[in-house]
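Novice: Show me how the following folds:
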Amino acid sequence: MTSAEKFIAFKKILPEHVQLVAVSKTKAEDEILEVYQAGQRLFGENKAQELVPKYEALPKDIEWHMIGHLQTNKVKYIAPFVGMIHSVDSLKLMKTINKEAGKNERVIPCLLQFHIAEEETKYGFSLEEAHDILGSEAFRNLKNIKIRGVMGMATFTDNKEKVHREFRHLIQIFDQLKKEYFAEDPKFKEVSMGMSDDYLIAIEEGSSIIRVGSAIFGSRN
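Specialist: This next block holds a predicted model:
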């Protein structure tokens with residue numbers, strides 16, 4: 001099957017309320033274009049240095065999401081156009097996004113990344129850290145970013161019950177933050193969780209955005 005055929009088949013099984021971010025990291029522009037021509041408009045990249053040339057070369061109605069760990073010194077390159085940043089994991093990064101968004105006269109939608117996996121390699125806030133930031137004056141002063149929800153990655157494991165548990169934990173975090181800080185904000189509604197190996201579990205547990213690459217494009221180049 002071609003990437004376009006895989007995408008079309010994939011979309012058929014996806015519930016309407018779940019957004020698909022087609023993860024195009026390491027993929028060539030013609031491969032991305034094939035999926036674009038089949039109807040996909042939302043693509044995700046892990047690295048700013050890969051995202052910028054793709055943005056410049058590909059159709060402008062593509063919405064690009066930054067889904068990988070983002071260094072503060074790379075924010076300025078994507079701030080003019082990025083549709084959403086999923087991987088916000090520090091106040092320092094929030095302040096940088098806010099500053100660069102302001103320079104571009106934009107408000108950038110962001111998700112707070114939480115560390116829900118038992119693996120040590122994943123980035124993300126603890127719930128305590130998020131409480132400290134969301135309750136702070138520094139956060140209230142950020143006018144050019146808007147927090148739209150949360151993001152997390154489950155442990156890479158065959159233990160499905162563990163994955164269920166970790167995704168459930170992220171939903172609990174979302175619910176708590178919604179109640180305490182965003183009750184009046186209808187746009188705080190996104191839970192970005194689930195990738196090619198575990199998106200079905202994520203959808204079952206309440207994901208609103210899945211980030212899928214290899215199930216559409218095949219294994220990484």
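Novice: so where do the strands sit in the chain?
Specialist: 19-23, 42-45, 63-66, 84-88, 108-114, 145-152, 190-192, 209-212 (DSSP state E).
Novice: ok, the residue nearest the centre of the chain to Glu184 distance?
Specialist: Nearest to the mean C-alpha position of the chain, by C-alpha atoms, centre = their mean, lies His86 at 3.3 Å. Distance, His86 to Glu184, by C-beta to C-beta, to the nearest Å: 23 Å. C-beta: built from backbone N, CA, C; applies to glycine.
Novice: check contacts around the residue nearest to the centre of the chain.
Specialist: 44, 65-67, 110-111, 113, 151, 192, 209, 211 (C-beta atoms under 8 Å, 6 or more residues apart in numbering).
Novice: quick one, longest helix in this protein?
Specialist: What stands out as the longest helix in the chain, according to DSSP state H, is helix 160-181.
Novice: Please enumerate residues in contact with it?
Specialist: Here helix 160-181 has contacts from 112, 114, 116-118, 127, 130-131, 134-135, 149-150, 152, 154-155, 157, 188, 191, 193-194, 198, 201-202, 204-207, using C-beta under 8 Å, 6+ apart.
Novice: of these, buried ones?
Specialist: Listed as buried from those are 112, 114, 116-117, 130, 134, 149-150, 152, 154, 188, 191, 193-194, 198, 201-202, 205-207; burial here means 16 or more other C-beta atoms under 10 Å.
Novice: Which residue ranges of this protein form helices?
Specialist: 3-13, 29-37, 48-57, 75-78, 91-103, 127-134, 137-140, 160-181, 199-205, 214-217.
Novice: Mind putting the ones you listed into JSON lines with mean pLDDT?
Specialist: Listed next are the helices of the chain as JSON lines, based on pLDDT from 0 to 100:
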{"stretch": "helix 3-13", "mean pLDDT": "94"}
{"stretch": "helix 29-37", "mean pLDDT": "97"}
{"stretch": "helix 48-57", "mean pLDDT": "98"}
{"stretch": "helix 75-78", "mean pLDDT": "98"}
{"stretch": "helix 91-103", "mean pLDDT": "98"}
{"stretch": "helix 127-134", "mean pLDDT": "97"}
{"stretch": "helix 137-140", "mean pLDDT": "97"}
{"stretch": "helix 160-181", "mean pLDDT": "98"}
{"stretch": "helix 199-205", "mean pLDDT": "98"}
{"stretch": "helix 214-217", "mean pLDDT": "94"}
